[in-house]
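S.K.: No letters, just coordinates:
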């Protein structure tokens, strides 16, 4: 979250606090300043305009323009295709078990590609019976995104994960793009909704959803909001239902209400059926207790990922040591792009790697570096946490996590991570790949961690 001197109330800091309070979105000061420049009309005083927006309603022109500036619209059809294969199987199983219409909720739907991918998946599962068997509700904070989604017309950029030809039965040409076929459109209803609003999720959806697809939404929230939204999503899910999140969100989720399940090449969080006890999360098979304590941040008093239930270990990859070296796949190119300052391109390659395998520590680590260098510090925290959790003997992610916390002026978390870095270095058997060290010797990181830990301990 924004950390600033309480005596200095700059318009950018006030805007960041307002956005965090109203929408859950974390803005670094630099990003808040850029948003402020684009949001406030020429000739208006920033502090007066912000005060006016605070007094206005959620659907006022000021608020609507602000939401457009702080929401992310990066999406495309069948992103993380493996998830939709599992969703198709899940819909068939739920229909067989329930014998009633299956309710699917897609919060953070952006411009609708995810929602219509769900509709196409339902049509593939049930054919002409899909309308009687599946109901899809798609919501987003950004009203302009919802308007675009309702139009149901998409250009070439929306088909980066597939091709219009592959979706030919569900599309019709429309100018330079394609329109969603009527049978798919009729499965989906759209609405504007703020995930951090107090009303119950069941009221928004009209029922307890059997399937929730909410990807890469919570990564933009602060830790407390991330924890609360994940708890509410799991709580709203119907018994026996499945929650699908983005790769990093899946790794960090721990509400105590759902169980991580692997199917095919992807993961979902499944709520126990009514009357059944939730099975315990499997402990990492090859990780000693001390390593696990370091991985989950328990060198301090608080677990790094929070959650309202008891801390439960998530499955680790059993083949981390067999991960391709950086010069053998796209992550090597991502590392080169980072060195060249091409942060957006590097981040895109990391996302691509995570879609293939959401439990790649190096992909989370490089994505964390990209986000940190772009100034998106809270998003960097999420990625470094995931990397450190997945590979507990890797001290480099812990070091960069500490550096990011220091940039956020979070003294306690930074001190804990610097100490965790030193502990991991003492226990490490292998060194990180040279490409990840940025040309520095490991001893540099040890000295830097010790120096910062000593300084923070004395403050």
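M.R.: Structure's in. What do you need? Predicted model, so just to flag it, every value in this text is computed and none were measured. Residues are numbered from 1 along each chain as shown.

S.K.: how about the strands in the protein?
M.R.: With DSSP state E, the ranges of strands along the chain come out as 102-107, 134-140, 153-154, 171-174, 177-180, 188-192, 211-214, 242-245, 258-263, 266-271.

S.K.: So which of these is nearest residue 414?
M.R.: Among those, the nearest to residue 414 by CB to CB is strand 242-245 (27.2 Å). To be clear about C-beta, it is placed using only N, CA and C from the backbone, and glycine gets the same treatment.

S.K.: Can you name the residues in contact with that closest one?
M.R.: With CB atoms under 8 Å, 6 or more residues apart in numbering as the test, strand 242-245 has contacts from 83, 86-87, 90, 210-215, 218, 230, 233-234, 237, 253, 258, 261, 266, 268-271.

S.K.: will you turn the strands of the chain into a markdown table that also has mean neighbour count?
M.R.: Compiled in a markdown table, those are given as follows (neighbours: other CB atoms under 10 Å):
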| stretch | mean neighbour count |
| --- | --- |
| strand 102-107 | 27 |
| strand 134-140 | 25 |
| strand 153-154 | 20 |
| strand 171-174 | 14 |
| strand 177-180 | 20 |
| strand 188-192 | 18 |
| strand 211-214 | 25 |
| strand 242-245 | 25 |
| strand 258-263 | 16 |
| strand 266-271 | 22 |
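
S.K.: Now tabulate those in TSV and tack on distance to residue 375.
M.R.: Output for those, formatted as TSV (distance: least, CB to CB, whole Å):
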stretch	distance to residue 375
strand 102-107	26
strand 134-140	24
strand 153-154	30
strand 171-174	38
strand 177-180	33
strand 188-192	28
strand 211-214	25
strand 242-245	25
strand 258-263	32
strand 266-271	30
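
S.K.: In TSV, list those along with distance to residue 117 and mean pLDDT.
M.R.: As requested, those are arranged in TSV below (distance: least, CB to CB, whole Å; pLDDT from 0 to 100):
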stretch	distance to residue 117	mean pLDDT
strand 102-107	9	98
strand 134-140	10	98
strand 153-154	11	96
strand 171-174	12	94
strand 177-180	10	96
strand 188-192	10	97
strand 211-214	9	97
strand 242-245	12	94
strand 258-263	18	84
strand 266-271	14	88
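
S.K.: where are the low-confidence patches of this structure?
M.R.: 1-8, 248, 251-255, 275-328, 429, 434-435, 438-439 (pLDDT under 70).

S.K.: Tell me which stretches of the stretch 151-300 of the chain form helices.
M.R.: When secondary structure is read from DSSP state H, counting those that start in this stretch, the stretch 151-300 of the chain shows helices at 182-185, 201-205, 223-236, 247-252, 289-295.

S.K.: for the ones you listed, which one ends up most surrounded?
M.R.: Between the helices of the stretch 151-300 of the chain, the one whose residues have the most neighbours on average, counting mean count of other CB atoms under 10 Å, is helix 247-252 (a mean of 25).

S.K.: what about the closest residue to residue 376 other than its chain neighbours, neighbour count?
M.R.: Spatial nearest neighbour of residue 376, chain neighbours left out: residue 28 (6.7 Å); criterion: CB to CB, 6 or more residues apart in numbering. Applying other CB atoms under 10 Å, we find 21 other residues in the vicinity of residue 28.

S.K.: surely residue 28 meets residue 378?
M.R.: Yes - here residue 28 reaches residue 378: they are 7.5 Å apart, a contact under CB atoms under 8 Å.

S.K.: Quick check: which of the helices of the stretch 151-300 of the chain is nearest to residue 126?
M.R.: If we rank those by CB to CB, the stretch that ends up nearest is helix 182-185, at 11.0 Å.

S.K.: Which secondary structure elements does the closest one sit against?
M.R.: Applying 3 or more CB pairs under 8 Å, 6 or more residues apart in numbering; DSSP states H and E, we find helix 182-185 packed against helix 113-126.

S.K.: ok, residue 225 - contacts?
M.R.: Residue 225 sits next to 20, 24, 196, 218 when contact means CB under 8 Å, 6+ apart.

S.K.: By neighbours, which of those wins?
M.R.: Most surrounded of the contacts of residue 225: other CB under 10 Å gives residue 218, at 25 neighbours.

S.K.: Once you drop chain neighbours, what's closest to that residue?
M.R.: Spatial nearest neighbour of residue 218, excluding adjacent residues (CB to CB, 6+ apart): residue 226 at 4.8 Å.

S.K.: distance of that neighbour from residue 379?
M.R.: With distances taken as CB to CB, to the nearest Å, residue 226 is found 11 Å from residue 379.

S.K.: residues shared between the contacts of the two?
M.R.: Going by CB under 8 Å, 6+ apart, residues that sit against residue 226 and also against residue 379 are residue 219.

S.K.: ok, residue 111 - contacts?
M.R.: Each residue near residue 111 by CB under 8 Å, 6+ apart is listed here: 73, 75, 145, 148-149, 154, 158.

S.K.: Pull out the buried residues from these.
M.R.: Among the contacts of residue 111, those scoring as buried are 75, 145, 148-149, 154, 158 (criterion: 16 or more other CB atoms under 10 Å).

S.K.: In this structure residue 105 contacts residue 140, no?
M.R.: No - here residue 105 lies out of contact with residue 140, judged by CB under 8 Å, at a distance of 11.8 Å.

S.K.: Give me the common contacts of these two.
M.R.: Both residue 105 and residue 140 lack any common contacting residue under the criterion CB under 8 Å, 6+ apart.

S.K.: give the contact list for the closest residue to residue 65 other than its chain neighbours.
M.R.: The spatial neighbour of residue 65 that comes closest, neighbours along the chain excluded (CB to CB, 6+ apart), is residue 39 at 6.1 Å. Applying CB under 8 Å, 6+ apart, we find residue 39 in contact with 15, 49, 65-66, 69.

S.K.: mind running it again at 10 Å?
M.R.: Listed by CB atoms under 10 Å, 6 or more residues apart in numbering, the contact partners of residue 39 are 15, 32, 46, 49-50, 53, 62, 65-66, 68-70.

S.K.: if we can go back for a sec, closest to residue 336 out of the contacts of residue 111?
M.R.: Sorting the contacts of residue 111 by how near they are to residue 336, with CB to CB, puts residue 75 at the top with 26.8 Å.

S.K.: can you pull the contacts of the closest one?
M.R.: Taking CB under 10 Å, 6+ apart as the contact definition, residue 75 lies against 108-115, 117, 145, 157-158, 160-161, 215-216.

S.K.: and what of residue 179?
M.R.: Taking CB under 10 Å, 6+ apart as the definition of contact, the neighbours of residue 179 are 151-154, 170-173, 185.

S.K.: okay, how far is it across stretch 161-172, tip to tip?
M.R.: Across stretch 161-172, the terminal residues are separated by 18 Å (CA to CA, to the nearest Å).

S.K.: Please renumber the chain so that the first residue is 798 from this point on.
M.R.: All set: I'll call the first residue 798, so the last point we hit is now stretch 958-969.

S.K.: So what touches it?
M.R.: When contacts are taken as CB under 10 Å, 6+ apart, the neighbours of stretch 958-969 outside the stretch itself are 872-878, 881, 910, 913-914, 916-917, 920-921, 949-951, 953, 955-956, 970, 974-982, 1149, 1152.
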